[in-house]
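Enquirer: 3D, please:
(2 chains)
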Amino acid sequence: MAKIKAAVINKPGRIVTIAVMTLVAVVQMFPLIWLLDFSLCNSNEMFTSGILVLPQKIQWNNYYLAFTNGNFLHYLRNSLLINTLAVIMVLIISIMAAFACGRMEWKLKKVASILMVMGMMIPIHATLLPNYVIYDRLRLTDTIWALLIPYVAFSLPQGFFLTSSFMSSIPKELEEAALIDGCGIYRIVAIIIFPLMKASIVTVSIMTYLNNWNEFMLATTYLSSKRWKTLPFCILEFTGQYSSNYAVQFAVMTLSAAPALIIYIILNKHITKGVAMGAVKG
Amino acid sequence: MHKLYSNKKVIFSLMAPGLIVFVTAILAPIILSTYYGFTNFSGIGASSFIGLENYKTLIHDSVFWTALRNSLLLSIGFICIQHPLAMLTAVKLDKLQGKTEGLFRCIFFIPNVISVAVIAYLWKFIYNPSFGLITKVLRALGYTGQLNPLGAGNAIWAVLLVLIWHGFGWGMLIYYTGVKNIDPVMYEAAAIDGASGSKTFFYITLPLMKPVIQVNVTMAVISALKQMETVYLLTAGGPGNETQFMASYLYKQAFQSYKYGYGNAISVAFIAICLVSTVALNRLFAERGE
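Expert: Prediction:
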């Protein structure tokens, strides 16, 4: 198959294609290269006329400042913790609900699954204002719950949808054998279904991460202290603190972009596959 | 069917967490929002019930229409600029094969994994009139005038450019998956019949990609409606209210203008618009699909 395709496309054609792809890649990457370049410069060097600047002396100090004064590790820890908890909760809740709606026999299961998926159409920011009042009354503002609850709630519809459609492709015979052996429903879900859902677990995790990692409006509305603030605040606080030292701001931005980028490069194949599967089905 | 499968208690316990989350975190806020939408609550203190007053204001509120227009412009930008480029890139990328293909696919998606906060601040610098990348490129090309991309009149286009650039990899990846799912036998048959590259694209690739295009178009419209973070960090809806989107506008009304009740009325309209658009697009595509 690969051979035939390679034969169809001739050599010069391939070179043109690679040239065009490189151009697209440059357009996609250049702003980020620019960011990296200036994060290593002295602030004054930014005002020179060159589009990219070769720093006279690489200013590692920018990163040192960013790392120490930006509470980087604290915010990173919060981001990782909140997102991981959200992923775990979304996975458990959606697998349970998908099993109940897909496998079990009850009258309202169609209605329930429609309700569960409905959330996909509702924009998270439309609940920003009412949730503020609710969390304020319940004294949940400035706690981890103020972020976790909406993150889970708005990732759940997609998670449920993906797990349901994946679960329907798992043959029922395995469970039936287990049932005859006297296995209960909870054990079936935990021991038989869960391990078989690997592919969809990866997809749901990636989609949930990508949905929530960037989230910033809820965090800025519901959180007032540093306690649970997430990675984007690293940048926001720094731009206030070092408003005239642009190079340091660039270093903070590069630093905050790094964790997700590193994870992406390591898990590139899984993420690409996960997004493709999640998006095409969702 | 085994009787365990219809055990009500088990069903209830499995469904409970999901339904509780839906009711408390999605349904309850919407109901509360509908309630506040009928009041003139300012955020603190007393409020009174004012019926449909907020909605009447909303219909005559030019900023709300600007927000809708911006969402429409963004959808058009996604569908007419980003998608054709993404699709062509996907088709070409598919032909590269091997390591080069993987490398480019990896690079194209990179902006998507970078936090919106970084993207927004980065572009703020790129658009900076005194040392930004755009200014420098224009100067290198011999342009001497002053241009502020985020200034009045230009800002919405500057915002659209960022959003189209940022979402490119996502769209590309989905089209790429669509291309990968096309049976290579089709291409072989076309090649044997002597079809040219463009003919193959228009008569084989495009028709077979229809379902993927439909999914992508629906998602583009929805994400154009939901747009918030990037625009908020980049321009906060300004200058004036030129780059306001629905979500950023409701935020502004509630927390900066202290019109909490009015903000909720916008939320309700926002939800309604998203629901109607999704259903309408699905209907449209379902009818044409048959």
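Enquirer: Can you report how many residues neighbour A:Leu65?
Expert: 19 (other CB atoms under 10 Å in any protein chain shown). C-beta: built from backbone N, CA, C; applies to glycine.
Enquirer: for A:Ser43, same thing?
Expert: 18.
Enquirer: How about A:Leu108?
Expert: 11.
Enquirer: Quick check on it: phi, psi?
Expert: Reported as degrees, to the nearest 10, the phi and psi values for A:Leu108 are phi -90, psi 20.
Enquirer: so who does it touch?
Expert: Applying CB atoms under 8 Å, 6 or more residues apart in numbering or on different chains to A:Leu108 gives no contacts.
Enquirer: Then the one 4 residues further on?
Expert: Applying CB under 8 Å, 6+ apart, we find A:Ala112 in contact with A:Ala97, A:Ala100, A:Cys101, B:Met15, B:Leu19.
Enquirer: from those, which ones fall inside helices?
Expert: A:Ala97, A:Ala100, A:Cys101, B:Met15, B:Leu19 (DSSP state H).
Enquirer: quick one: which two of these are the most distant?
Expert: A:Cys101 and B:Leu19 (10.8 Å; CB to CB).
Enquirer: what about these two, which has more around it?
Expert: Counted by other CB under 10 Å, A:Cys101 and B:Leu19 do not tie: A:Cys101 has more neighbours, with 27 against 17.
Enquirer: Please tell me how far the more buried one sits from B:Phe125.
Expert: According to CB to CB, to the nearest Å, A:Cys101 and B:Phe125 sit 48 Å apart.
Enquirer: any idea of the mean pLDDT in stretch A:188-207?
Expert: In this model, stretch A:188-207 has an average pLDDT of 88.
Enquirer: residues in contact with that stretch?
Expert: Under CB under 8 Å, 6+ apart, the answer for stretch A:188-207 is A:87, A:90-91, A:94-96, A:99, A:155, A:158-159, A:162-163, A:166-167, A:170, A:174-175, A:178-179, A:183, A:270-271, A:273-275, A:277-278, A:282, B:14.
Enquirer: Output stretch B:167-184 as PDB, nothing but the C-alphas.
Expert: As requested, the backbone C-alpha atoms of stretch B:167-184 are provided in PDB (Å, rounded to 0.1, in the frame of the first residue of the first chain):
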ATOM      1  CA  GLY B 167      -7.000  26.100  15.700                       C
ATOM      2  CA  PHE B 168      -5.400  25.100  12.500                       C
ATOM      3  CA  GLY B 169      -3.700  22.000  13.800                       C
ATOM      4  CA  TRP B 170      -6.900  20.700  15.300                       C
ATOM      5  CA  GLY B 171      -8.800  21.000  12.100                       C
ATOM      6  CA  MET B 172      -5.900  19.600  10.100                       C
ATOM      7  CA  LEU B 173      -5.700  16.500  12.400                       C
ATOM      8  CA  ILE B 174      -9.400  15.700  11.900                       C
ATOM      9  CA  TYR B 175      -9.200  16.100   8.200                       C
ATOM     10  CA  TYR B 176      -6.100  14.000   8.200                       C
ATOM     11  CA  THR B 177      -7.900  11.200  10.100                       C
ATOM     12  CA  GLY B 178     -10.600  11.500   7.400                       C
ATOM     13  CA  VAL B 179      -8.100  11.200   4.600                       C
ATOM     14  CA  LYS B 180      -6.400   8.200   6.300                       C
ATOM     15  CA  ASN B 181      -9.800   6.400   6.400                       C
ATOM     16  CA  ILE B 182     -10.200   6.600   2.700                       C
ATOM     17  CA  ASP B 183      -9.600   3.200   1.100                       C
ATOM     18  CA  PRO B 184      -6.300   3.400  -0.900                       C
END
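Enquirer: is chain A contacted by that stretch?
Expert: Yes - using CB under 8 Å from any CB of the partner chain, we find that stretch B:167-184 touches chain A at B:Phe168, B:Gly169, B:Trp170, B:Leu173, B:Ile174, B:Tyr176, B:Thr177, B:Gly178, B:Pro184.
Enquirer: sorry, back to before: would you format the contacts of A:Ala112 as TSV with distance to B:Phe41 and pLDDT included?
Expert: Formatted as TSV, these follow (distance: CB to CB, whole Å; pLDDT from 0 to 100):
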residue	distance to B:Phe41	pLDDT
A:Ala97	35	93
A:Ala100	39	91
A:Cys101	38	90
B:Met15	35	91
B:Leu19	29	92
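Enquirer: Run through the stretch 101-250 of chain A and note the low-pLDDT ranges.
Expert: Within the stretch 101-250 of chain A, not a single segment meets pLDDT under 70.
Enquirer: What segments of it are helices?
Expert: A:109-118, A:128-137, A:145-167, A:173-180, A:185-187, A:194-196, A:198-213, A:217-222, A:232-241, A:246-266 (DSSP state H, counting those that start in this stretch).
Enquirer: out of the ones you listed, deepest packed?
Expert: Among those, the stretch with the highest mean neighbour count (mean count of other CB atoms under 10 Å in any protein chain shown) is helix A:145-167, at a mean of 24.
Enquirer: now for that helix, which elements pack on it?
Expert: When contacts are defined as 3 or more CB pairs under 8 Å, 6 or more residues apart in numbering or on different chains; DSSP states H and E, helix A:145-167 packs onto helix A:72-102, helix A:109-118, helix A:128-137, helix A:198-213, helix A:217-222, helix A:268-281, helix B:8-22.
Enquirer: Figure out which of those helices is closest to B:Leu96.
Expert: Across those, closest to B:Leu96 is helix A:268-281 (CB to CB), at 15.0 Å.
Enquirer: shaky segments in the stretch 1-150 of chain B?
Expert: B:1-2.
Enquirer: before we move on, back to that, looking at the helices and strands packed on helix A:145-167, which is nearest to B:Lys199?
Expert: Nearest of these (CB to CB): helix A:268-281, 26.3 Å.
Enquirer: what's near enough to touch residue 130?
Expert: Unless you meant another one, I'm taking chain A. Going by CB under 8 Å, 6+ apart, the list of residues near A:Pro130 reads B:Ala28, B:Pro29, B:Ile30, B:Leu32, B:Ser33, B:Tyr36, B:Asn264, B:Ser267.
Enquirer: let's do chain B instead
Expert: A:Phe47.
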